[in-house]
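Undergrad: Sequence first, predicted model second:
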Amino acid sequence: MSAGTQAVATPVVPAPATVPAAVAAQAAPGSVAAVPAPALGISRLLLVVTGAVAAAELPYWLGWLRSTYPSLELRIGVTASAERFVSRVTLAGHSGAEVLPDRWAEDEVHARHVLWTEWAEAVVVAPATLHFMARLALGLADSPALLAAQCTTAPVVLLPALPPGGLHSAAYRAHHAALAARPNVAVLPPRPGLSMTTGREDAWAPAPLPDALAMVEQRRRELAAAGSVPLPTPASTL
């Protein structure tokens, strides 16, 4: 495996986590105690990070995830555009997980998308850009994360992060409808957020990670009831 695709080792001193605004009202900065923790009946989660500014808040959520679900195994795939907002080293430091770029290496012996598809009991894309949503909805599979998301029968939950006008665009509505038709996919509605360009609350921020986990559990139970996936006992949290 080349240096460009090697898993990032956990650094000694990770960068400080930025507390999301939605959380600051519930808990003191840096605290994870007041954040709701839904029951979670999976033990292996694939997190895909795409290129929206909300990716900069992920270190906080990874610290919360690590402390709330200590037995949860996590793997992280990061798109090139996401690395404009958060580094793989920072994500590894706050998660303790394997963090890989969302691209194939020329010397890759094993097909990473197959390994991810067979390993992951759920996939969460956070944040999910309109570009990533469009590629997934259109059936494109030009990266390991996309191909894994296309092939898995496990729950796939997307947390869209959209620019001003994105939520009401024809493209978003069409791709949302296409993804909503898939029984294992859920798209959580974004919330009004501050645009770094306009300075106004006319952008759309992704839903919090706990909401994604709650949806993973809901969709997992729905699939189990339909006979699509097994239904293990939900893991307890701290």
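TA: Okay, I see it. All values reported here derive from a predicted model rather than from experimental measurement.

Undergrad: Can you give the distance of stretch 180-187 from its chain's centre?
TA: Per Cα atoms, centre = their mean, to the nearest Å, the displacement of stretch 180-187 from the mean C-alpha position of its chain is 15 Å.

Undergrad: Please verify my assumption that Ala214 contacts Gly41.
TA: No: if you go by Cβ atoms under 8 Å, Ala214 and Gly41 don't touch, sitting 11.5 Å apart. In this view, the C-beta of every residue, glycine as well, is placed from N, C-alpha and C.

Undergrad: Spatially nearest residue to Ala178, not counting backbone neighbours?
TA: Leaving aside its chain neighbours, Ala178 sits nearest to Ala137 (4.1 Å; criterion: Cβ to Cβ, 6 or more residues apart in numbering).

Undergrad: who's in contact with the one you found?
TA: 174-176, 178-179 (Cβ atoms under 8 Å, 6 or more residues apart in numbering).

Undergrad: Quick check: it vs Trp119, distance?
TA: From Ala137 over to Trp119 the distance is 24 Å, taken as Cβ to Cβ, to the nearest Å.

Undergrad: Near His168, how many other residues are there?
TA: Neighbourhood size, His168 [other Cβ atoms under 10 Å]: 10.

Undergrad: ok now do it, which residues does it touch?
TA: With contact set as Cβ under 8 Å, 6+ apart, His168 has no partners.

Undergrad: I'd assumed it was in a helix, is it?
TA: No: with DSSP: H, G, I helix; E, B strand; the rest coil as the criterion, His168 is assigned coil and is not in a helix.

Undergrad: Check it and give its pLDDT.
TA: His168 carries a pLDDT value of 97.

Undergrad: Report the secondary structure state of Pro210.
TA: Assignment for Pro210 (three-state DSSP): helix.

Undergrad: ok, now Gly77?
TA: Assignment for Gly77 (three-state DSSP): strand.
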